[in-house]
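**Student:** Have a look; sequence and predicted model below, questions after that.
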Amino acid sequence: FSTKFLSASPLPHPPAADRPAHHRPLDQRGNPLPQQQGELEGGCTEDAARDKASSPKRKGPSHIALGCLRALIAPGILEEVIWRSVLLPHPSVDPPACFHPAPLLTTIVISNMGFVLMHVANAKACERAGVRGGAAATFQDRRFLTLAGVLGLACTSAYLFTGGSL
């Protein structure tokens, strides 16, 4: 890795027109080519330089680790807080009437339906944001939504059987 590309100067060498003829690109006979309009150092055009500058950069290990941490917190823990601890009754806070079968079942169904429908809303958001890679199609797939519903029921059961702990 070189730090010369991080310097504040725009070009480390003089422009192509100011360079000696033996540093310019050569034609078939070996004669230096004249600098063309829009050409940068080394015969690179402005369009090619702009494309190179806008190309994705390689990500280091710390950037990848931060992305993994975000992926754990944003969908995992945040969804559990919203769809379990906020919507479902808690044994130490809510009255015992909340734990009778009919109100509890109603709350579980509403919470789980919201959990599944949130993934459908995520699909619409991915489409509007132009996310590529099949995320929107995955969020709308019936198999994925079925598995999300099963996972929601499993998380709800774990939440209730552990006494309301995440």
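**Tutor:** Received, thanks. Not measured: the values here are computed from a predicted model.
**Student:** When you work out contacts or count neighbours from here on, use the C-alpha atoms and nothing else.
**Tutor:** Will do.
**Student:** Leaving out the residues flanking it, which one is nearest to residue 127?
**Tutor:** residue 136 (5.9 Å; Cα to Cα, 6 or more residues apart in numbering).
**Student:** ok, then the element right after the lowest-mean-pLDDT helix or strand in the chain?
**Tutor:** Counting by mean pLDDT, DSSP states H and E, the chain has its least confident helix or strand at helix 46-54, which shows a mean of 56. Using DSSP states H and E, the helix or strand that follows helix 46-54 in sequence is helix 61-71.
**Student:** What residues sit buried inside the helix or strand following that following helix?
**Tutor:** Remark: after helix 61-71, the chain's next helix or strand is helix 78-80, criterion DSSP H and E. For helix 78-80, a neighbour-count test (16 or more other Cα atoms under 10 Å) marks residue 80 as buried.
**Student:** any idea of the mean pLDDT for helix 78-80?
**Tutor:** Over the span of helix 78-80, the pLDDT mean works out to 83.
**Student:** Tell me the buried residues in the biggest helix by length in the chain?
**Tutor:** Ranked by number of residues, the top helix in the chain under DSSP state H is helix 101-129. Using 16+ other Cα under 10 Å as the test for burial, helix 101-129 gives 107, 108, 111, 112, 115, 116, 117, 119, 120, 123, 124, 126.
**Student:** by contact count, what packs against whichever helix or strand comes after it?
**Tutor:** Once helix 101-129 ends, the next helix or strand along the chain (criterion: DSSP H and E) is helix 135-140. With contacts taken as 3 or more Cα pairs under 8 Å, 6 or more residues apart in numbering; DSSP states H and E, helix 135-140 sits against helix 101-129.
**Student:** Give me the helices and strands touching the helix it packs on, please.
**Tutor:** Checking 3+ Cα pairs under 8 Å, 6+ apart, helix 101-129 ends up next to helix 135-140, helix 142-161.
**Student:** Buried deepest among those, which one?
**Tutor:** Of the helices and strands packed on helix 101-129, the one with the most neighbours on average (mean count of other Cα atoms under 10 Å) is helix 135-140, at a mean of 18.
**Student:** Just give the nearest non-adjacent residue to residue 160, would you?
**Tutor:** Nearest one to residue 160, counting by Cα to Cα, 6+ apart, is residue 90 at 7.9 Å.
**Student:** Lowest average confidence across the helices and strands packed on helix 101-129, which one?
**Tutor:** helix 135-140 (a mean of 87).
**Student:** Run through who's touching it.
**Tutor:** 119, 120, 122, 123, 124, 126, 127, 144, 145 (Cα atoms under 8 Å, 6 or more residues apart in numbering).
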